[in-house]
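Asker: what follows is a predicted protein model with its sequence.
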Amino acid sequence: MDRFPRSLVEFQDTYRDEDACIRYLVERRWPHGFVCPACGSVKAWQLNGRPVWECRECGRQTSLTAGTLMAKTKLALRVWFWAAYLMTTHSNGLSALQLANQLGLNYRTAWLLEAKLRRAMVNPERALLSGLVEIDQAEIPFRQKNSPIDVGGHEGMITVVGAVEVVDRKTGTTPRWRPDAYVDVSGDHNI
């Protein structure tokens, strides 16, 4: 499949079982067929429906997920596919607790799965912010007492910081920073 499923029904039909997920990954990893990384042979068989191929020439076993975020996973590929689908289609984001409930996982597994998927969604070749960058912060009430994370800031509040690069929509360029052109309305004059 070359396009992303447009609906939940289409997703379910496309990735209906573990074999469908394996077929999808095989097409992406080995578009011209399996080639043994040890001896270069193209002759191999799949081991008992698992995502592992064994070379007929040298006997080396190669996992379909080796070198991916799914490497050495105990979770079914279908769970990974579902998690990716749910995370990318929820416009307001998806908490680990929601993912755990949706997929029948324990919280720790759902949290680790989300962390791996989020890390994989970051483009390593992204451009760093440059030119005129605006930064702001806000404090949001934090509902959980005895938090396992250090929320910093005030008791019961979590600090969120955001930064954006200012780009002129008409020209697509970054305006030059001029100290006289900006007014500090926060009351904090340490610009």
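Answerer: Ah, there it is.

Asker: ranges for the strands of the protein?
Answerer: With DSSP state E as the definition, the chain shows strands at residue ranges 44-46, 52-55, 61-63, 133-141, 157-165.

Asker: and the ones you listed, which is most packed in?
Answerer: Each of the strands of the chain was assessed for mean neighbour count using mean count of other CB atoms under 10 Å. The highest is strand 52-55, with a mean of 18. All C-beta atoms are positioned from the backbone trio N, CA, C, and that covers glycine.

Asker: what lies in contact with that one?
Answerer: Strand 52-55 is contacted from outside by 34, 36, 38-39, 41, 43-47, 60-64, using CB atoms under 8 Å, 6 or more residues apart in numbering.

Asker: export the strands of the chain to TSV and tack on distance to Lys116 and mean pLDDT?
Answerer: As requested, these are arranged in TSV below (distance: least, CB to CB, whole Å; pLDDT from 0 to 100):
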stretch	distance to Lys116	mean pLDDT
strand 44-46	25	94
strand 52-55	20	96
strand 61-63	16	95
strand 133-141	26	86
strand 157-165	23	83
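
Asker: just put those strands in CSV and tack on distance to Arg126.
Answerer: Output for the strands of the chain, formatted as CSV (distance: least, CB to CB, whole Å):
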stretch, distance to Arg126
strand 44-46, 36
strand 52-55, 34
strand 61-63, 29
strand 133-141, 15
strand 157-165, 11
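
Asker: ok, which of those strands comes nearest Asp17?
Answerer: strand 44-46 (14.8 Å; CB to CB).

Asker: direction included, what does that closest one pair against?
Answerer: Sheet pairing for strand 44-46, assigned by DSSP bridges, gives strand 52-55 (antiparallel).

Asker: which single one of the contacts of strand 52-55 is nearest to Leu8?
Answerer: Nearest member of those to Leu8, counting by CB to CB, is Leu64, at 25.5 Å.

Asker: what's the closest non-adjacent residue to the closest one?
Answerer: Counting by CB to CB, 6 or more residues apart in numbering, Pro51 is the residue found nearest to Leu64 once chain neighbours are left out, at 3.8 Å.
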